[in-house]
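Engineer: one predicted model, sequence on top.
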Amino acid sequence: MGGHREEHGQCQRIMRLVSQSSRYLVLVRTRVLATAKAEMTEPMEYRAVGGSDLEVSALSLGTATFGGTTDFYRAWGQSDVAEATRLVDIAMEAGVTMVDTADSYSNGRAEEILGKAIAGRRDRLVISTKASFRTGPNPDDIGSSRKHLVAACEASLRRLGTDRIDLWSMHGFDSLTPIEETLAALDELVRSGKVRYVGCSNFSGWHLMKSLAVAERHRWPRYIAHQAYYSLVSRDYEWELMPLAVDQHIGTVVWSPLAGGQLSGKMGRDMPPPAGTRVATLGTRPGLSTERFYDLVDVLRAIAKETGHSVPQIALAWVLRRPTVSTLVIGARNEAQLHDSLGAVNVVLSQEHITRLDDASAVTPAYPYWHQRTIFGERNPPPV
């Protein structure tokens, strides 16, 4: 009788081991398949924003193409909720964790569309938005005053369908509002839990440095990020703002790293921008002269051919490797554009490639930077 019980117990133990082994094999197979799929492309890189503990993907999804309710933004794109949702899907599948928008994009419609596109998965994303640009006809519908900022924050939260903004940036410097008033309002919103971190955008060096000093004096939240225009077409950011960011541990959130579509690979010495593109509609941004721009495109095309990547991927990869850069905001009119831009994380540029791009895009800095780098360059090394 006891022998039968012992034999029965052994059988049960064997069955449990078989069951556990089967589950283990299924788990291992699942992990192997997932690993194999992941190894098809390089994984997304994640970086801290400046000296803060906020971590974001090296590529962020921009939403200026969402909505298209004005002539200006219609030239960028007209993604509705369905298309925006698909773009968010693709970005998240690639490891993107930050989405950037602004209350002025298509008069707030971009925020509304984004809020619907991320419904049910908001906690998996870092939401970055901006305020201070004009959003209405009234005198207080612009700027960085307390009155405007408090109202703008509440409106953005409502449109986004969330209870907090992870990174809220002043879209531009308001010279008519005291810096103390702006930072005190931001402190109030951070303490309330409606804003996690604050940043700025399109500031001059003294705008940012004075703001940091005032924040430190009053123990108010300091700007952790500067959202700035930076690309191979325009490297002005390197002259003063990048050294400031290095010194003060400010993360650079790069907007328009393809120079408003100029580095899309669709235009160059032998081809004008195609009809219907943003460049064809809105023109080019300040930067290189026409001939220097064509020379740069020639170099980009050559490196793209040598490496097996696209022109936009090479241009984005160059910016990704610059000092202080936390993330690049990449926008897309359609899925194909987004897939191509996301491929920039797979690009490995050699030092020889970087030197060629540096040389093709270099310009003489404005005063006093050319003086600092030449006459007294021994004591003023460039940041890169």
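Structural biologist: Perfect, thanks for sending it.

Engineer: name the element the residue nearest the centre of the chain belongs to?
Structural biologist: The geometric centre of the chain, computed from its C-alpha atoms, lies nearest to Val329 (C-alpha atoms, centre = their mean), at 2.9 Å. Of the helices and strands defined by DSSP states H and E, Val329 is found in strand 325-330.

Engineer: what lines up beside that strand in the sheet?
Structural biologist: Looking at strand 325-330 with DSSP bridges, its partner strands are strand 59-62 (parallel), strand 251-255 (parallel).

Engineer: in JSON lines: those strands, plus mean neighbour count, mean pLDDT and distance to Glu112.
Structural biologist: In this view, the C-beta of every residue, glycine as well, is placed from N, C-alpha and C. Shown next, in JSON lines, are the strands paired with strand 325-330 (neighbours: other C-beta atoms under 10 Å; pLDDT from 0 to 100; distance: least, C-beta to C-beta, whole Å):
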{"stretch": "strand 59-62", "mean neighbour count": "28", "mean pLDDT": "98", "distance to Glu112": "16"}
{"stretch": "strand 251-255", "mean neighbour count": "25", "mean pLDDT": "98", "distance to Glu112": "21"}
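
Engineer: which of those sits closest to Leu316?
Structural biologist: Using C-beta to C-beta as the measure, strand 59-62 is the one of the strands paired with strand 325-330 that comes nearest Leu316, at 7.8 Å.

Engineer: that older thread, C-terminal to the strand holding Val329, what's the next element?
Structural biologist: helix 335-342.

Engineer: and that next one, how far out from the chain middle?
Structural biologist: 15 Å (C-alpha atoms, centre = their mean, to the nearest Å).

Engineer: tell me which residues of it are tucked away?
Structural biologist: Gln337, Leu338, Asp340, Ser341, Leu342 (16 or more other C-beta atoms under 10 Å).

Engineer: could you find the closest non-adjacent residue to the fourth one?
Structural biologist: Yep, that's Ser341 we're talking about. Sequence neighbours aside, Ile330 is the residue nearest to Ser341 in space, at 4.3 Å (criterion: C-beta to C-beta, 6 or more residues apart in numbering).

Engineer: wait, that neighbour sits on Ala58?
Structural biologist: No. With contact defined as C-beta atoms under 8 Å, Ile330 does not count as touching Ala58 (10.2 Å).

Engineer: so which of the two has more stuff around it?
Structural biologist: Neighbour tally, Ile330 and Ala58, criterion other C-beta atoms under 10 Å: the higher count belongs to Ile330, 25 against 20.

Engineer: state the helix or strand in which Ala185 lies.
Structural biologist: helix 179-191.

Engineer: looking at the next helix or strand after that helix now, give me its mean pLDDT.
Structural biologist: Counting by DSSP H and E, the next helix or strand C-terminal to helix 179-191 is strand 195-201. Regarding strand 195-201, the rounded mean pLDDT is 98.

Engineer: same deal with stretch 147-163?
Structural biologist: pLDDT averaged over stretch 147-163 gives 98.

Engineer: got a list of contacts for that stretch?
Structural biologist: Residues outside stretch 147-163 that contact it (C-beta atoms under 8 Å, 6 or more residues apart in numbering): 101, 103, 108, 111-112, 114-116, 119, 122, 127, 129, 131-132, 135, 140-142, 164-165, 168, 182, 185-186, 188-189, 193-195.

Engineer: just the buried positions in it, please.
Structural biologist: In stretch 147-163, counting by 16+ other C-beta under 10 Å, buried: His148, Leu149, Ala151, Ala152, Cys153, Ala155, Ser156, Leu157, Arg159, Leu160, Thr162.

Engineer: any idea which of these is closest to Tyr369?
Structural biologist: Leu149 (33.0 Å).

Engineer: phi, psi of the closest one?
Structural biologist: Main-chain dihedrals, Leu149, degrees, to the nearest 10: phi -70, psi -40.

Engineer: so which residues of the stretch 151-300 of the chain form helices?
Structural biologist: 179-191, 205-218, 241-248, 278-282, 290-307 (DSSP state H, counting those that start in this stretch).

Engineer: mind checking which of those is nearest Gly62?
Structural biologist: helix 278-282 (12.6 Å).

Engineer: mind listing what Gly172 touches?
Structural biologist: Counted by C-beta under 8 Å, 6+ apart, Gly172 has contacts Ser132, Phe133, Ser201, Asn202, Phe203.

Engineer: what sits against Ser144?
Structural biologist: Counted by C-beta under 8 Å, 6+ apart, Ser144 has contacts Ala131, Ser132, Met170, Phe173, Asp174, Thr177, Glu181, Thr182, Ala185.

Engineer: I'd like these laid out as TSV, including pLDDT, neighbour count and distance to Met242.
Structural biologist: Shown next, in TSV, are the contacts of Ser144 (pLDDT from 0 to 100; neighbours: other C-beta atoms under 10 Å; distance: C-beta to C-beta, whole Å):
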residue	pLDDT	neighbour count	distance to Met242
Ala131	98	24	25
Ser132	98	26	23
Met170	98	27	19
Phe173	98	20	18
Asp174	98	19	23
Thr177	98	19	26
Glu181	98	16	28
Thr182	98	26	24
Ala185	98	20	28
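
Engineer: out of those residues, which is nearest to Thr364?
Structural biologist: For these, the residue nearest Thr364 by C-beta to C-beta is Phe173; the value is 26.1 Å.
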